[in-house]
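A.B. asks: Sequence first, predicted model second:
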Amino acid sequence: MKPEFIALIGNARKRRGQKFRNQLYVFLMCLLVSVFLWVLVKLSRDYYYTIDYRINFTHIPPAYRLTYASDSLLTLNLRVQGYDFFTDRFLRSNTNTYNLNLSTLKVKKKGSVYNGFLLTDPIGYEISSQSRFQNYLLSTSPDTLYFEFERKKK
């Protein structure tokens, strides 16, 4: 190695004076404050967030047995603020379930099966109104849940 390079490394390893340490502390504090302010600005924005809810069907009409449901997963597309997005995404467990009450479902006979359906927009609004953060529901997917029932034998 060249002697100048070795001398440069030796000078870098020497103990620095009090003035250098003060400048280093000031630099690190400014860096910390700037990173904190950058994070605050990023988290104050609105983001588009998709949450999946597993649906549990409850209170099935007493005379029927559920044989088919078109979907058991409801996807909500929301507009949320960055703070809520961050806490929901990284600090909470993602076990989202929703109990869907089928007691008021209107069932119609079609051939030998009984059919019913529910629009998911009202369900999505109910879920978002009960959620842990303020948000705006943009859409739900699927837009309709279809059910098939069979009559219980007496």
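C.D. replies: Yep, that arrived.
A.B. asks: got the buried residues for the longest helix anywhere in the chain?
C.D. replies: Ranked by residue count, the top helix of the chain under DSSP state H comes out as helix 18-43. Within helix 18-43, no residue qualifies as buried by neighbour count (16 or more other C-beta atoms under 10 Å). (Each C-beta comes from the backbone N, C-alpha and C, glycine too.)
A.B. asks: contacts for the helix or strand following it?
C.D. replies: Going down the chain from helix 18-43, the next helix or strand is strand 46-58, by DSSP states H and E. Residues from elsewhere that reach strand 46-58, judged by C-beta atoms under 8 Å, 6 or more residues apart in numbering: 66, 69, 71-82, 85, 88-89, 96-102, 127, 135, 138, 145.
A.B. asks: of those residues, buried ones?
C.D. replies: The neighbour count (16+ other C-beta under 10 Å) marks 74, 76, 78, 80-82, 85, 88, 96, 100, 102, 127, 135, 145 as buried among the contacts of strand 46-58.
A.B. asks: Could I get the contacting residues of residue 136?
C.D. replies: Residue 136 touches 78, 79, 80, 128, counting by C-beta under 8 Å, 6+ apart.
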